[in-house]
Structure formats: structure tokens, C-alpha cells
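Undergrad: Here is a sequence with its predicted model. Questions after.
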Amino acid sequence: MVYRMRVQCINNRNLYITENKIYTVFEGEFIQTNGEKKFTLLKIEDDYGSIIPYEAQFFSVVSSNTENYVIRKIEEEKYKLTHKYISYKGFWSMLYEEVGASLDDFWAAKKDIYKREMTKEEMKGILVGVNDNEKDFILELWIENKDDHFIDEVIEICRKKLHEHKVTESNDLLFKYLNEFQDDRVNDFFIEYLTENHDVNEEINKIVCSYFN
């Protein structure tokens, strides 16, 4: 069963969205007449990490299964759909003010969406992209789900950072991800790390050493 509501940018007059990029909808408004649904507003997470409404004219709907969304009628022929984890009254004002459990609920909704919707290739694209917050989010999601599909990609990134002397504590999630798996590839890489790069970073040294304890 498919659970998704995704749109693709077809007009990037706004600097914070990218043409042809696919975005996940957290909330939207639409008009439905004679069984036909036409979106007017879409609340997405844009390229700068802001969750704000955009006019639907900038997007085309690429997947519109809304089974994990709550739909409410807001006036005649006009409806609002919201991901079920964040569909309670006052959520958005609470999120913007960072009060209550709103932030945790948003992360839960985002994790649910990513797990159900993201292809492996999309996740790999995030891992090698430039958005560090999204990289960390993906790594935390993989760690939580113990998803071992990306061991080779993470090892390759770690090797590159080591070669370029760019390993810092901010890269600890890469090593924490690998530390989750008893795998020959991880074992060999960590032995290589300890042999060649033992003094790179104390925090990462601890993560690698804990693998063999």
C-alpha cells in the first residue's frame, strides 16, 4: 500500500524551491467540485528548511495518496489535509514557537513520510548533498531503523573525509551509523581507521573502539 503526498516544482520563481525537485507535503488546501480536486496551497519544507505554505501553481502533484493524512472541511467545497501526526489544533503555531511536543511530533511525521516515500536513490542523494541538517536526519533515521543498505556509501564518504583531513566531531553520525552493524565491510574499515588515522578525532576514536568491545 502506498502512503504519500508528493509534488514536483515546475516553476522556481521563488528562490527557496528548485525546479524539478520533488517535495513532500505536510499540509495542503484544496477545492473539490464535482469530484475534482484542485490544490491551492501546499505546506512543504523548502530548500532552506522552512516549513511554509506555497501556492500550488508552482507544483504538479506526482503522488496523491492521502491515506496517512487527516482531511477536514474548512468551508464550502474547500478542504485541508494534514499529516496525521501533526493534525491537532494549534500545531503550527506551537511548532513556530517551539513549545510543547510540537517539534517531536513534526520529526515523527517527517520520519514517517521519509520511511514510506523516499526511494533508496533519493536517500543517497541527500547523503551526498550539501544540506547538513538533512544528512544528519537521514543518518539518524537509518540508525533508528537499523537500515544497512547504505554501508558502502557511508564508508566511501568517511574514507574521502579522512583522505582530505576533513573529519570532525560533526561527522560522528557517519561513524555511529557504521557502528550499528556487525559487518565485514565495517570491521575492515574500522581496522583501517585505527591503523592509519587513530589520532584524527577523540570522539570518533571512541566510537570506532567501542565497535570491538
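TA: Yes, it's here.
Undergrad: Against which helices or strands is the worst-scoring helix or strand of the chain on mean pLDDT packed?
TA: Scoring the helices and strands of the chain by mean pLDDT, DSSP states H and E places strand 59-63 at the bottom, with a mean of 86. Secondary structure elements in contact with strand 59-63, counted by 3 or more CB pairs under 8 Å, 6 or more residues apart in numbering; DSSP states H and E, are strand 6-9, strand 36-45. Where C-beta positions appear, they are placed from N, C-alpha and C, glycine not excepted.
Undergrad: any idea which helix or strand comes after that strand?
TA: Downstream of strand 59-63, the first helix or strand assigned by DSSP states H and E is strand 69-75.
Undergrad: What lies in contact with that following strand?
TA: With contacts defined as CB atoms under 8 Å, 6 or more residues apart in numbering, strand 69-75 is touched by 5, 29, 79, 80, 81, 82, 83, 84, 87.
Undergrad: ok, which stretches of this protein are helices?
TA: If DSSP state H is used as the criterion, the helices of the chain fall at 91-97, 102-117, 120-127, 132-145, 151-163, 172-179, 184-196, 202-211.
Undergrad: Need those helices in a markdown table (columns: distance to residue 49 and mean neighbour count).
TA: Written out in a markdown table, the entries for those read as follows (distance: least, CB to CB, whole Å; neighbours: other CB atoms under 10 Å):
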| stretch | distance to residue 49 | mean neighbour count |
| --- | --- | --- |
| helix 91-97 | 13 | 15 |
| helix 102-117 | 11 | 16 |
| helix 120-127 | 13 | 14 |
| helix 132-145 | 6 | 16 |
| helix 151-163 | 21 | 16 |
| helix 172-179 | 17 | 20 |
| helix 184-196 | 31 | 15 |
| helix 202-211 | 25 | 15 |
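Undergrad: picking that back up, just curious, which of the contacts of strand 69-75 is nearest to residue 200?
TA: Out of those, the one with the shortest distance to residue 200 is residue 83. That distance is 40.5 Å, counting by CB to CB.
Undergrad: got a pLDDT number for the nearest residue in space to the closest one that is not next to it in sequence?
TA: If you skip the residues right next to it in sequence, residue 83 has residue 109 as its closest partner in space, 4.6 Å away by CB to CB, 6 or more residues apart in numbering. Per-residue pLDDT puts residue 109 at 92.
Undergrad: Touching, residue 109 and residue 86? I think so.
TA: Yes. Look at residue 109 against residue 86 with CB atoms under 8 Å: they come within range, at 4.9 Å.
Undergrad: coming back round to it: how about the helices of the chain, which one is nearest residue 17?
TA: With CB to CB as the criterion, residue 17 lies closest to helix 132-145 of those, at 14.8 Å.
Undergrad: Mind listing residues that contact the closest one?
TA: Counting contacts by CB under 8 Å, 6+ apart, the residues outside helix 132-145 that touch it are 49, 110-111, 114-115, 123, 126-127, 129, 147, 150, 154, 170, 173-174, 176-177, 180.
Undergrad: Got the phi and psi for residue 101?
TA: With angles defined as degrees, to the nearest 10, residue 101 shows backbone torsions of phi -100, psi 20.
Undergrad: What's the local residue count around it?
TA: Under the neighbour criterion other CB atoms under 10 Å, residue 101 is assigned a count of 11.
Undergrad: Just the residues contacting stretch 160-177, thanks.
TA: In this structure, residues lying in contact with stretch 160-177 by CB under 8 Å, 6+ apart are 132, 135-136, 139-140, 142-143, 150, 154, 157-158, 193, 196-197, 200-201, 203-204, 207-208.
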